[in-house]
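Colleague: model the structure of this input:
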Amino acid sequence: MQCRCCMFEVENGKASCPVCGFPTLGGISSEHQSIIDEYRTNKLKNISIDILAYRYSIDGSGGITEYDSEYIKLAEALSLTYGEVLWVDDKFESFEANRSIVLDISICKGDVRKECRVDLVPGEPVDCSGFGIYLDRGFIIKLAVGDKNKYHLTESISLIDI
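Modeller: Next up is the predicted model:
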């Protein structure tokens with residue numbers, strides 16, 4: 001059976017979802033949807049997904065030096081919808097899809113920050129100027145890299161084990 005809150009596939013006979021803890025209520029009616037929505041909101045509120053952006057300069061000898069970095073908020077977890085990509089409006093530098101890239105992603109809840117490194121492995125060429133966030137079952141996200149017509153999804157990052 002599927003958890004009504006996080007959509008994780010729960011083994012039959014379990015009293016609650018092993019991911020989010022929501023009770024496995026098989027017969028909940030649509031009029032009680034507000035209970036599910038409130039539970040989901042409480043799990044995801046105050047969680048943001050950030051990317052660590054680095055700034056570089058070229059020094060006098062032609063070398064590259066990092067001179068600054070900052071977290072840029074990509075989205076709030078509550079703005080995500082299961083099975084859909086939420087595209088980020090900010091424009092980032094385009095890069096070639098035929099080489100490996102590492103992104104530093106941060107999941108924040110209040111003052112707690114969980115750092116994650118996401119590898120973008122070489123694949124078929126896509127326009128790598130856009131980022132999105134895909135919400136999967138079990139409060140898992142994946143970054144979408146490309147554009148709305150053609151994109152790659154990265155490895156999974158949990159939103160709730162922070």
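Colleague: separation between the nearest residue to residue 101 once chain neighbours are set aside and residue 107?
Modeller: Distances taken as Cβ to Cβ, 6 or more residues apart in numbering put residue 120 closest to residue 101, at 4.3 Å, once the chain neighbours are dropped. Heads up, the C-betas are built off the backbone N, CA and C, glycines and all. According to Cβ to Cβ, to the nearest Å, residue 120 stands 18 Å off from residue 107.
Colleague: so how far is residue 42 from the residue nearest in space to the middle of the chain?
Modeller: With distances taken as Cα atoms, centre = their mean, residue 141 lies nearest the centre of the chain, 3.5 Å away. Residue 141 sits at a distance of 18 Å from residue 42 (criterion: Cβ to Cβ).
Colleague: check residue 83 too.
Modeller: Distance of residue 83 to residue 42, given as Cβ to Cβ: 21 Å.
Colleague: cool, and residue 71?
Modeller: Residue 71 is 24 Å from residue 42, by Cβ to Cβ.
Colleague: now do residue 109
Modeller: Computed as Cβ to Cβ, the residue 109 to residue 42 distance reads 12 Å.
Colleague: coming back round to it: neighbour-wise, which of residue 120 and residue 107 wins?
Modeller: Of the pair residue 120 and residue 107, residue 107 is the one with more neighbours under other Cβ atoms under 10 Å, namely 21 against 18.
Colleague: what about residue 62, how many neighbours?
Modeller: Here the number of neighbours of residue 62 (other Cβ under 10 Å) works out to 6.
Colleague: brain fart, residue 113
Modeller: Residue 113: 13 surrounding residues under other Cβ under 10 Å.
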